[in-house]
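In: sharing a model prediction with you, sequence too.
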Amino acid sequence: MEIHDLKREFLMGSEIVRALKGVSFSVEQGEFVTIMGSSGSGKTTLLNILGCLDKPTIGTYLLDNVDIKKLSRNELAQLRNRKIGFVFQSYNLLARTSAIENVELPLLYNSTITTTQRHQMAMKALEAVRLSDRLDHLPNQLSGGQQQRVAIARALVNEPVMILADEATGNLDSRTSYEIMALFQELNRQGRTIVFVTHEPDIAAFSSRTITLKDGHIIKDSKNENIRSAKDMLSALPVTEDYQNNA
Amino acid sequence: MKILSLIRIAIRALQRNKLRAFLTMLGIIIGVGAVIAMVAIGQGSKKSIQDQLSSMGSNMITIRPNSNQTPGGGARLDQSTVQSLTLADIKAIQSQAQYINAVSPAVQGRGQVINGALNWPTTMQGVSPDFLTIRNWPLKEGAPFGDADVNAAAKVCLIGQTVVDNVFDAGDDPVGKTIRFNKIPFKIIGVLQSKGENAFGQDQDDILLAPYSTVQKRILAIPYIQTIYASSTNSETSEPATAELSQILRASHKLTNSDQDDFSVRTQAELINTFSSTSQLLTVLLTAIASISLLVGGIGIMNIMYVSVTERTKEIGLRMSIGARGIDILMQFLIEAIVISITGGILGVMLGLLASKLITVFLSWPTLVSEYSIVLSFVVCAVTGIFFGYYPAQKASRLDPIEALRYE
């Protein structure tokens, strides 16, 4: 993934708001990048562009060697479907829909996948987040951490090039946050590219690289030499039943 | 995205809000039910009128005297006092007409029937033996009178069921008994099969039939005849038969070209057409009213779909972010609207069938459910769903995924 001199401007009434004022960086496969910044720094705008939900005003964004600027709305939708997995702060699971069906959802929009394949892939994704015993549970029957794990399984199911997480631990207490971060680290070790947007420096410490934004510019882009292990953090806390099988 | 999974998603979404989905459907259910029941009432009454008219004898032609316009102006006479029809006309028709297979004169008088202590006011109609053929009227028992009875002006009669019920005790056999009509004794030689009420609500069984000569001479003391009944050879020839009769009667009455007819010829077909067009109009009116309720039902769907789209903005945003295209979202909401309207349609058809049945059972109105009304309401339902579901669905499909995701 490569980003070059990215700019995004919005027209708010008669004023032009420049959310991103020239951002360049690239993310290699297998990296675990956190994008940090206070509110108003442009990180949400950057995330929208990275997630192919929005297009840059100026600059190029190559995802898997595809220039998204040239794609139509429908092509962008297909790109999101095949190459990106989203994890949101508020989980965004469909209510009154079982865990497995929530995970199957992205595959419904991929006509090359049959019903049986869909089911198998969803099972595999739920196994990866260690929820294979909760297939038929509805979101309101799951804890916050479990719901977020369903959401991660949904992001994994289409074998994406990149998982984009937007404040994925923002709604969780610190123990559950560590659980989720441990899961992300595990997925990263398995070779998945993860871009994690957060404003908590605490969380950024788990990643391999941190990009800090301020006022639409990158002010810091540093490799994290001292990656903390979320699993170790977790084991330092008293063990709970919920995470026993994962530890 | 496959249509089956779209339908499954739509049903799932509706199940989340069962009561709301049902209330939305209710508009369609009532609309379709009303259309089906209304059309069934219209069709039923049309059919029953047609049946009754054809039971009167479907090829029957009725000739009545008509007050003709006198060349000098002057007052036109009341129809019943015009004495233009005579037995000579009957003879002329019998000898000349090709499209007529039976003809009967008719004269009638009202009077009191007396049998012992029982009495009943009724009508005695004087006819020829052909009358039973023309009216398609079989006897329940006994035998009809013949030409000999006509020639002799015999005091014999055929009795209608209503008269039997009123002047004979239950279980008495009227055949062979003698009753008095206006103090004149008549021997009953046969009982007419019951015909029930006609289309105008008259009791057709409240009648005595006697030879026309008997009624002319002994009851009314008139030489002319009041009505001529004829029947065409079959239902197709009723029009040429009508023309032919007019021609024969004009010749027989020695009318010149400038004279108007002093008689009128009416066929059952005309009556059937008149009634059919009346009930057709009724059907159209009822259907129009019912269609309005279908329209209101459709607006209900549109309203609830708009609410649904707004409510599920976040879901739409999520679906878009994981790869749903605009068309996928459009189809999802459109199919949801169609599922509502079609399900409502199915329930509405059932309601309509039930309502028609209940109307027949409790109000004893004739109803006839036609397949076309079912098919039509079904198609209208689907179209309603598509039409009223399209705009909300389009609104959903055009949402910006970023804003939709952030919507609270």
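Out: Received the coordinates, thanks.
In: switch to C-alpha atoms for all contacts and neighbour counts from now on
Out: OK.
In: could you report the pLDDT at residue B:67?
Out: pLDDT, residue B:67: 66.
In: now residue B:292: closest residue in space, sequence neighbours ignored.
Out: Spatial nearest neighbour of residue B:292, excluding adjacent residues (C-alpha to C-alpha, 6 or more residues apart in numbering or on different chains): residue B:31 at 7.7 Å.
In: the one you found: neighbouring residues, count only.
Out: Neighbourhood size, residue B:31 [other C-alpha atoms under 10 Å in any protein chain shown]: 31.
In: with the one 10 residues further on instead?
Out: A count of neighbours around residue B:41, defined by other C-alpha under 10 Å, yields 24.
In: before we move on, what about the one 3 residues further on?
Out: Around residue B:44 there are 21 other residues, counting by other C-alpha under 10 Å.
In: can you give me the pLDDT of it?
Out: Looking at residue B:44, the pLDDT reads 86.
In: residue B:389 too?
Out: At residue B:389, the pLDDT recorded in the model is 91.
In: one more: residue B:212?
Out: Confidence for residue B:212, expressed as pLDDT, is 92.
In: list the contacts of it.
Out: When contacts are counted by C-alpha atoms under 8 Å, 6 or more residues apart in numbering or on different chains, residue B:212 touches B:105, B:106, B:107, B:125, B:126, B:127, B:128, B:150, B:153.
In: isn't the residue nearest to residue B:292 up against residue B:290?
Out: Yes. The pair residue B:31 / residue B:290 is scored as a contact, 5.8 Å apart, by C-alpha atoms under 8 Å.
In: re earlier: pull out the buried positions in the helix or strand containing the residue nearest to residue B:292.
Out: Using DSSP states H and E, residue B:31 sits in helix B:18-55. Of all the residues in helix B:18-55, those buried under the rule 16 or more other C-alpha atoms under 10 Å in any protein chain shown are B:21-50, B:52-54.
In: give me the contact list for stretch B:271-291.
Out: B:31-32, B:34-35, B:38-39, B:41-43, B:45-46, B:49-50, B:53.
In: do stretch A:198-209 as well
Out: Contacts for stretch A:198-209 (C-alpha under 8 Å, 6+ apart): A:31-38, A:166-168, A:181, A:185, A:210, A:221-230.
In: that one - what's its average pLDDT?
Out: Rounded mean pLDDT across stretch A:198-209 is 86.
In: in the stretch 201-350 of chain B, what residue lies closest to chain A?
Out: residue B:323 (3.9 Å; C-alpha to the nearest C-alpha).
In: now stretch B:392-403: mean pLDDT?
Out: 91.
In: what separates that stretch from the chain centre, distance-wise?
Out: 52 Å (C-alpha atoms, centre = their mean, to the nearest Å).
In: that stretch close to chain A?
Out: Yes. Applying C-alpha under 8 Å from any C-alpha of the partner chain, one finds that stretch B:392-403 is in contact with chain A at B:401, B:402.
In: give me the contacts around that stretch.
Out: With C-alpha under 8 Å, 6+ apart as the criterion, stretch B:392-403 contacts A:48, A:53-54, B:302, B:305-306, B:309, B:313, B:316-318, B:320-321, B:325-334.
In: may I have that stretch as PDB, with CA atoms only?
Out: Extracted in PDB, the C-alpha atoms of stretch B:392-403 (Å, rounded to 0.1, in the frame of the first residue of the first chain):
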ATOM      1  CA  PRO B 392     -37.200   4.900  -0.200                       C
ATOM      2  CA  ALA B 393     -34.900   2.200  -1.600                       C
ATOM      3  CA  GLN B 394     -33.200   4.600  -3.900                       C
ATOM      4  CA  LYS B 395     -32.700   7.000  -1.000                       C
ATOM      5  CA  ALA B 396     -31.000   4.200   0.900                       C
ATOM      6  CA  SER B 397     -28.800   3.300  -2.100                       C
ATOM      7  CA  ARG B 398     -27.600   6.900  -2.500                       C
ATOM      8  CA  LEU B 399     -26.400   7.300   1.100                       C
ATOM      9  CA  ASP B 400     -22.800   8.200   1.600                       C
ATOM     10  CA  PRO B 401     -21.200   5.300   3.400                       C
ATOM     11  CA  ILE B 402     -19.100   7.600   5.600                       C
ATOM     12  CA  GLU B 403     -22.000   9.600   6.800                       C
END
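In: show me the contacts for residue 229.
Out: Since you didn't name a chain, this refers to chain A. A:182, A:185, A:206.
In: chain B, not that one
Out: Residue B:229 sits in contact with B:60, B:61, B:62, B:63, B:103, B:104, B:105, B:106, B:131, B:134, where contact means C-alpha under 8 Å, 6+ apart.
In: now, among these, which is nearest to chain A?
Out: Closest approach between these and chain A, by C-alpha to the nearest C-alpha: residue B:60, at 69.8 Å.
In: what about that closest one, how many residues close to it?
Out: Neighbour count of residue B:60, defined by other C-alpha under 10 Å: 28.
In: go on, residue A:69?
Out: Neighbours of residue A:69 using other C-alpha under 10 Å come to 17.
In: ramachandran angles for it?
Out: phi -70, psi -30 (degrees, to the nearest 10).
In: state the mean pLDDT of stretch A:92-107.
Out: On average, the pLDDT along stretch A:92-107 is 90.
In: which residues are contacting that stretch?
Out: Counting by C-alpha under 8 Å, 6+ apart, A:81, A:113, A:118-119, A:121-123, A:125-126, A:134-140, A:147, A:150-151, A:153-155, A:157-158, B:16, B:314-315, B:318-319, B:322-324 sit against stretch A:92-107.
In: which parts of that stretch are buried?
Out: Those would be A:92-94, A:96-107, for stretch A:92-107 by 16+ other C-alpha under 10 Å.
In: from those residues, pick the one nearest chain B.
Out: residue A:106 (5.5 Å).
In: could I have the helix or strand containing the closest one exported to CSV, CA atoms only?
Out: Using DSSP H and E, residue A:106 maps to helix A:99-108. What follows is helix A:99-108 as a C-alpha-only set of coordinates in CSV (Å, rounded to 0.1, in the frame of the first residue of the first chain):
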residue,chain,number,x,y,z
ALA,A,99,-22.7,-14.4,14.9
ILE,A,100,-22.1,-16.7,12.0
GLU,A,101,-24.6,-14.7,9.8
ASN,A,102,-22.9,-11.5,10.7
VAL,A,103,-19.6,-13.0,9.7
GLU,A,104,-21.0,-14.3,6.4
LEU,A,105,-22.3,-10.8,5.5
PRO,A,106,-19.3,-9.6,3.4
LEU,A,107,-19.4,-12.9,1.4
LEU,A,108,-23.1,-12.3,0.5
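In: for the following helix or strand past that helix, name the packing helices and strands.
Out: The element immediately downstream of helix A:99-108 (helix or strand, assigned by DSSP H and E) is helix A:115-128. For helix A:115-128, the packing partners by 3 or more C-alpha pairs under 8 Å, 6 or more residues apart in numbering or on different chains; DSSP states H and E come out as helix A:99-108, helix A:144-156.
In: contacts only, for residue 121.
Out: Went with chain A since none was named. Contacts of residue A:121 by C-alpha under 8 Å, 6+ apart are A:104, A:157, A:158.
In: um, chain B though
Out: The contact partners of residue B:121, by C-alpha under 8 Å, 6+ apart, come to B:110, B:111, B:112, B:113.
In: wait, is it part of a helix?
Out: No. Assessed with DSSP: H, G, I helix; E, B strand; the rest coil, residue B:121 is strand; it does not lie in a helix.
In: flag every residue of chain A that's near chain B.
Out: Counting by C-alpha under 8 Å from any C-alpha, the residues of chain A that sit close to chain B are A:48, A:51, A:53-54, A:73-74, A:76-82, A:84-86, A:92, A:94, A:96, A:105-106, A:108-111.
In: count the neighbours of the residue of chain A found nearest chain B for me.
Out: Scanning chain A for the residue nearest chain B gives residue A:81, at 3.9 Å (criterion: C-alpha to the nearest C-alpha). By the criterion of other C-alpha under 10 Å, residue A:81 has 27 neighbours.
In: pretty sure it sits in a helix.
Out: Yes. Applying three-state DSSP, one finds residue A:81 inside a helix.
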